[in-house]
Structure formats: structure tokens, C-alpha cells
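Just a sequence and a predicted model for now, questions to come.
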Amino acid sequence: MKREMTSSDRSGGPPDSEPCPVVGVVGLGTMGGAMARHLLDAGYRVVGCDVDPTAALRCAEAGALIVDSATEVANVADVTILSLPSTDAFENVVYGERGLLSGTDRRCKIVVETSTLPLDLKRSAREVLAGAGMEMLDCPISGTGEQMVMGDAVFYASGLGTAIRAVGPVLSACGREVFDLGGFGNGTKLKLVANLLVTIHNASAAEALVLAQSGGIDPSVALPALVAGAGSSRMLERRGPLMVTEKYEPVSMEVRLFLKDIAIISAFAAESGCSVEVFDAAARLHQLAFDAGWGEVDPASVHAVVRRRARS
Amino acid sequence: MTDTTEAAGGRTDAGNGSATVVGVIGLGTMGGGMARHLLAAGYEVVGHDVDPGAAERFEQHGGSAASSAADVGARADIVILSLPSVRALQDVVGDGQGLAGARRATVAVEASTLPISDKEAARDALGRHGVVLLDCPISGTGAQMAAGDAVFYASGDPAAVARVSPVLAVCGRGVFDLGAFGNGTRLKLVANHLVTVHNASAAEALALAGAGGIEPGVALPALVAGAGTSRMLELRGPMMVARHYEPASMKVELYMKDVGIITAFAAAAGCSVPVFDAAARLHQAALDAGWAEADTASVYEVVSRPSPQ
């Protein structure tokens, strides 16, 4: 259901008899844009902004109110979801001239930070926002852009329990499940653990399909049988088909960006005193994919590296 | 189509109208599980096991115990072999005594995980006596077999694969025809490559969550729901969280044999598998640390020890 939102909504509140929070989304890219559309479909009124006018326009067409800045989003929305691509973008949105802290007529009480960013950055933002009356949650998403579009992503929520319960219905409208993982920061930590698994399972899918092919079994015959068996993984299901075609498209994540996540996981494991040798081996294959020129391609391209290393 | 006619208390083979009798040789975890699924589906099942205890349990479930492999071959149309070793396969095939002297069976399904060369030798020996042998390993743990959640990697004579497919279908979730004889075992090795890596990755993930201050019991359901999930995380993650590795659905010591076979297969295929190699080392470390009789989930005990700071 689509709904027009006018400026009168700022003072008028939701037209429904049930109290329905206005949800803000700052960053309307693949993830943020999909969340905005899921929220609109669920009947929420959505206000959003993005530095890219094309992304903003797509959400406006879906029925969201588009404003110019994070300040304005926080003025209209009860809950603001952040979905941002970089540290710089995050700092701008929180501390910038037209950021969350700049408003004087602020309505927003809860900020849901869904991006994957360094934890110390999130922690200091949380303190500053709390001083301005906004409770920030650390709430990364496990799932690809495609999964988010399909409503198949999950939220790793962490922070103040009452705030997590308050935004539960909003996040449930965007994905499959919301987990309350406890203290602020645990969401980001578990996202890193999930990405450790994603890294390994992407590499294991590549090794398995190349091994089948080297053994004389057509990978397109092998894949469905492997997916049905005890060796299956979400990555084999999702990226296996990209490996079978050897086209590694569509790109749901670029190798060069994923390598940044890999570096953060390595640092987290080292800090925690946890040795992760299988992950290390998988990480090296991703680095080799980057070195071989697959930086802007999906990580499924690890398959090309494993294939080249195999005697054909 | 699968034939589901139940005539005179038994299922019939497509077309010929007479009741299909299925034989099962080896009534352990896997063979016994298949026999129970077949009995539940209405097949008449004749079974044999060298262990009288296994044969007795089979009879309690309604099966008819045979005195030998040859006896199974004399009474069943299709015979499934679920055996622990090459030696057991050689004994079952026999030399005029075992299945090679079968008077009724025309198709045998070799469902064990054994070297392809030994399966080929068995195929040739049985072929000389008019019995078609299929290579058809199972992907799935004992628990998965019991739950009807295992899959069959069938390979060999296509007409024989088509004939046994309805019989295997009642034992599990799916039957895949992978082509030439031996491809079933090859793909089973590939599946176990993944099982090895995903068992180790589950251990690393839960250990890292714990080291980072998140209870593994809280982390597991969230990881299972996310992009990093795997069948092994779902099945063995709970054993790791409980740190309880019995009963073993696969023992570390036995599994190391599979790991050795996969390593040799990859080397022979000229395929470099560094991620598998790292996972294999963790399984070896579990064996070295005294977990030989425990489930392979015990690799968690090797990983969760903090590395020296």
C-alpha cells in the first residue's frame, strides 16, 4: 500500500487509529531503499534522504517522503534507520551541519544503525546521540542486497532492551527475523562472525565445484545434488549458480569491499585471541581474486582463482 | 512415475505386478535406517547382518532376517548394500557364495562410502553373474537418515538407476542420477569436502563469538538464520554449544579416513584445496587431542582453546 505524505503529517501524526510510528531512513541505497519499500508495503509512513538523487527518486516513486537532510528526517520520524556506505557518510549524518544532532524541533527518539562500521565509531556516536535524547542501537544486517529485497535478511540488534523491543515491529517488517543479542556492540560482533562464515563458505563452494569438475562431474549437475546434501550452505545456494556460469553476476557485493570486512574480521579475531585458520585460508583466496583483477566483481569470482590453480 | 501399488501386503515393481522384495545387507545405522523406511512404506524387506543384535532389531521392526548374503540374493529383487569396509563388500559379493550366486536379485545398490576401484571390482564380479551393481552413496548423517533427510548420489547403468529410484526415494529426501558409475562416490567426496570445511567453520564461528563476549548459545540461532548458515552449523552447532559430543553421528577417527580419501582425490584431480586442507588439520588436531571416539563436532574443543597471547 502506497501513501502520500505531506508536510502536515509533521504535526498531524498518522491518520490511522492505531499509533503507527513514522520511520526515517537515511541512506536509500540497495539496503536502505529496500527497507523503505518493505516499510511502505507494511503501511508505515516513511521519510528518507540520500545524497544520490536517483536513489531518492526511486523511493519517492514508491511513496516515501523525501527530504534534504538527516536533520529533517529526525524532525519528522519517530525512529530513524541509518544505512550508510562508509565511515565518512556516517560521521556526516551524525555530526554534520545537517546531521541528526543539528535539529531543534526533533521528534526522533531511537536511531537504528544498520551499517557495518567500526565499533568504536558506533560507540562514540551512541554517547553523543544519547546526550541529545536519542537512543542508538547497533543493529547490522546479515544478508545480501538480494536477500534484503526478498525480505530474507535478518537483524542482529544490540543495545538498550526496551529500545530494541520498541523497534521490533519496524525491523520485522523489513526482514525475516530480529535477534536481541544483548549489550551494544554485540550486533556488530556477531555480524563479523557471520561474515567469517560467509567468507569460508564462499571459498568452500568454489573449491567443491572445481573439485567436482576436475573429477569429471559437470558443475551444473553437481550443484543441486550438493545443495540437497549434508554439505550445503546458504552461500553454496546463493553463489553456487554464479560459479557454475563462471560469469559471477549479478554482483551483490564487490570483492574489494568484502576485503575490508575480511580485514576487520581478522583484527577482531586477533584482539579476541582466537585463532581462525580455516578463515585465514579462505581470506587468502579472496585476496588472490582481488589480485587477479576481480576487485569489482562478486566474491563468487573466488571460483575463477580456484579453477586457475587446478590442473585443467 | 513411482509405483505405489500395494498388493498382497507388498509394493510392486513397475509393470510386472508381482511384489517387489527389497534386500538390505548391513543393518547398522544407515542400513537399518533404510530398512525401517522401506518397511514403513509397505515394502517386504529381507535383511542380513553379521551382527545378530542388528538383525534382531531389524526383525522387531517387521523385517525378515536372512541367513546370509546369498540368502538375501535368493529372496529379494533389489539388494541395497550398506557396509563398513572393503573387506565386508568382498565377503558380500563372494565367490559363488555371496550375491554373485544370487538366484533372484538383478540389481544391487552399493550405498557405502568405499574406494571407487573396489566398487568397480565388485561391479565386474557381479556383472559376470547377471547382477547390475550401482554406485550410490548417501549424503547425510545417521541422524539425517533416521529422519528421512538423507539424499542418494546414484550412478551407473541408467535403466537400473531408474528402477531403484522409487525404492531409494522412500528412504530419503532425493535421488540424483549423476551419470557414469563412480560419479556418485566422487560427488560424495565433494560433499564431504564441504562437510569437513563447514564443521570446522562452525567451530571457528562459535569460538570467535564466545571469545568476543557473546554466548555461543545466543549466537547460534542468529547465525543459523543468517547468510553464514550451513547444514553442519545447524546439525553440529548444538553439540558444540552443549560441548557434548556423544552419541557420535560420525566419529573423528573414522572420519579421518574419509578426509584422507578426499585429500588423495583432490591431489589425483590436480585440484588445490587450501581451505579444506586447513579444516582437515583441525580434524587431525582433534584426533591428536584424544577425541577419536567423539563426534567430529569436537573440533570445537581444538578451536576454542585461546591461542597464546
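Happy to help now that I have it. Numbering: from 1, shown residues only, chains lettered A, B, ... in the order given.

so B:Gly32 touches B:Ala54, yeah?
Yes: the pair B:Gly32 / B:Ala54 is scored as a contact, 6.2 Å apart, by C-beta atoms under 8 Å. Heads up, the C-betas are built off the backbone N, CA and C, glycines and all.

between those two, who's got more neighbours?
Each of B:Gly32 and B:Ala54 has its neighbours counted (other C-beta atoms under 10 Å in any protein chain shown); B:Gly32 has more, 23 against 19.

which ones are touching B:Ala78?
One correction, residue B:78 is Ile, not Ala. B:Thr20, B:Val21, B:Val22, B:Gly23, B:Ala105, B:Thr106, B:Val107, B:Ala108, B:Val109, B:Arg163, B:Val164, B:Val167 (C-beta atoms under 8 Å, 6 or more residues apart in numbering or on different chains).

Looking at strand pairing, list the partners for it.
B:Val22, B:Val107 (DSSP bridges).

So for chain A, which residue is the most central one in space?
In chain A, the residue lying closest to the centroid (C-alpha atoms, centre = their mean) is A:Ile141, at 4.3 Å.

Would you check that that one makes contact with A:Arg176?
No: look at A:Ile141 against A:Arg176 with C-beta under 8 Å: they stay out of range, at 10.7 Å.

got any residues that touch both of those two?
A:Ala153, A:Val154.

What does the pLDDT read for residue 34?
Picking chain A for this. pLDDT, A:Ala34: 97.

was after chain B, sorry
According to the prediction, B:Met34 has pLDDT 97.

Who are the contact partners of the residue lying closest to it once chain neighbours are set aside?
Leaving aside its sequence neighbours, B:Met34 sits nearest to B:Cys171 (C-beta to C-beta, 6 or more residues apart in numbering or on different chains; 4.5 Å). B:Cys171 is in contact with B:Gly33, B:Met34, B:His37, B:Leu38, B:Met145, B:Gly148, B:Ala150, B:Phe152, counting by C-beta under 8 Å, 6+ apart.

so which of these comes closest to B:Glu301?
B:Met145 (26.0 Å; C-beta to C-beta).

Chain A versus the nearest residue to B:Ser64 once chain neighbours are set aside, what's the distance?
For B:Ser64, ignoring the flanking residues on the chain, the nearest one in space by C-beta to C-beta, 6+ apart is B:Val46 at 5.0 Å. Per C-beta to the nearest C-beta, to the nearest Å, B:Val46 is found 29 Å from chain A.

follow-up on the earlier one: among the contacts of B:Ile78, which one has the lowest pLDDT?
For the contacts of B:Ile78, the pLDDT minimum is B:Ala105, 84.

Now do the contacts for A:Leu137.
Counting by C-beta under 8 Å, 6+ apart, A:Leu137 has contacts A:110-113, A:157-160, A:163-164, A:167, A:184, A:187.

And the helix or strand hosting B:Ala279, what does it pack against?
Assigned by DSSP states H and E, B:Ala279 belongs to helix B:274-288. Packing partners of helix B:274-288 (3 or more C-beta pairs under 8 Å, 6 or more residues apart in numbering or on different chains; DSSP states H and E): helix A:186-214, helix A:277-289, helix B:183-211, helix B:252-268, helix B:299-303.

just checking, next helix/strand downstream of the third one?
Pointing back at helix B:183-211 there. Following helix B:183-211 in sequence order, the next helix or strand is helix B:216-225 (DSSP H and E).

swap in the first one?
Tracing the chain C-terminally past helix A:186-214 and defining elements by DSSP H and E, one meets helix A:219-228 next.

Now that following helix: buried residues?
A:Pro219, A:Val221, A:Ala222, A:Leu223, A:Ala225, A:Leu226, A:Val227, A:Ala228 (16 or more other C-beta atoms under 10 Å in any protein chain shown).

and the residues you listed near chain B, which?
Restricting the buried residues of helix A:219-228 to those within reach of chain B (C-beta under 8 Å from any C-beta of the partner chain) leaves A:Val221, A:Ala222, A:Ala225, A:Leu226, A:Ala228.

circling back to that earlier point, now restrict the contacts of B:Ile78 to buried residues only.
Looks like those have B:Thr20, B:Val21, B:Val22, B:Gly23, B:Ala105, B:Val107, B:Ala108, B:Val109, B:Arg163, B:Val164, B:Val167 buried, using 16+ other C-beta under 10 Å.

pLDDT at the residue in the stretch 51-200 of chain B that chain A sits nearest to, what is it?
Taking C-beta to the nearest C-beta, chain A has its nearest neighbour within the stretch 51-200 of chain B at B:Leu194, 2.8 Å off. Looking at B:Leu194, its pLDDT reads 98.

Is there a neighbour count for it? I'd like the number.
28.

for it, what are its contacts?
B:Leu194 neighbours (C-beta under 8 Å, 6+ apart): A:Ser204, A:Ala205, A:Ala208, A:Leu226, A:Gly229, A:Ala230, A:Gly231, A:Ser232, A:Ser233, A:Leu236, B:Ser230.

Specify which member of these is nearest to B:Pro274.
Nearest member of the contacts of B:Leu194 to B:Pro274, counting by C-beta to C-beta, is A:Ser204, at 10.7 Å.

Quick one: residues contacting that closest one.
A:Ser233, A:Met235, A:Leu236, A:Ala282, B:His193, B:Leu194, B:Val197, B:His198, B:Ser201, B:Val275, B:Phe276.

Give me the below-cutoff pLDDT ranges for the chain.
Unless you meant another one, I'm taking chain A. A:1-19, A:311-312 (pLDDT under 70).

Not quite, go with chain B.
If you take pLDDT under 70 as the line, chain B has these spans: B:1-18, B:95-96, B:305-309.

Report the contact partners of B:Asp295.
Applying C-beta under 8 Å, 6+ apart, the residues near B:Asp295 are B:Arg236, B:Met239, B:Tyr245, B:Glu246, B:Pro247, B:Ala248, B:Ser249, B:Met250, B:Lys251, B:Val252.

Need those residues in CSV (columns: secondary structure and distance to chain A).
Output for the contacts of B:Asp295, formatted as CSV (DSSP: H, G, I helix; E, B strand; the rest coil; distance: C-beta to the nearest C-beta, whole Å):
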residue, secondary structure, distance to chain A
B:Arg236, helix, 10
B:Met239, helix, 15
B:Tyr245, coil, 17
B:Glu246, coil, 19
B:Pro247, coil, 17
B:Ala248, coil, 15
B:Ser249, coil, 10
B:Met250, coil, 10
B:Lys251, strand, 16
B:Val252, helix, 16
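
In PyMOL, how would I select the buried members of the residues you listed?
Those of these that count as buried under 16+ other C-beta under 10 Å are selected in PyMOL with:
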select buried, chain B and resi 236+239+245+248+249+250+251+252
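
Output the contacts of B:Asp295 in CSV, with distance to A:Ala77 appended to each entry.
Shown next, in CSV, are the contacts of B:Asp295 (distance: C-beta to C-beta, whole Å):
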residue, distance to A:Ala77
B:Arg236, 43
B:Met239, 45
B:Tyr245, 50
B:Glu246, 53
B:Pro247, 53
B:Ala248, 53
B:Ser249, 50
B:Met250, 52
B:Lys251, 56
B:Val252, 54
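
which parts of the host helix or strand of A:Arg239 are buried?
Assigned by DSSP H and E, A:Arg239 falls within helix A:234-245. By neighbour count on 16+ other C-beta under 10 Å, the buried set for helix A:234-245 is A:Arg234, A:Met235, A:Leu236, A:Glu237, A:Arg238, A:Arg239, A:Gly240, A:Pro241, A:Leu242, A:Met243, A:Val244.

Out of the buried residues of helix A:219-228, flag the one nearest to B:Arg186.
Distances from B:Arg186 to the buried residues of helix A:219-228, taken by C-beta to C-beta, are shortest for A:Ala222, at 9.0 Å.

so how far is B:Cys271 from the residue nearest to the closest one when sequence neighbours are not counted?
Once flanking residues are discounted, A:Ala222 sits nearest to A:Ala212: 3.8 Å by C-beta to C-beta, 6+ apart. Distance, A:Ala212 to B:Cys271, using C-beta to C-beta, to the nearest Å: 9 Å.

same thing with B:His37?
B:His37 is 35 Å from B:Cys271, by C-beta to C-beta.
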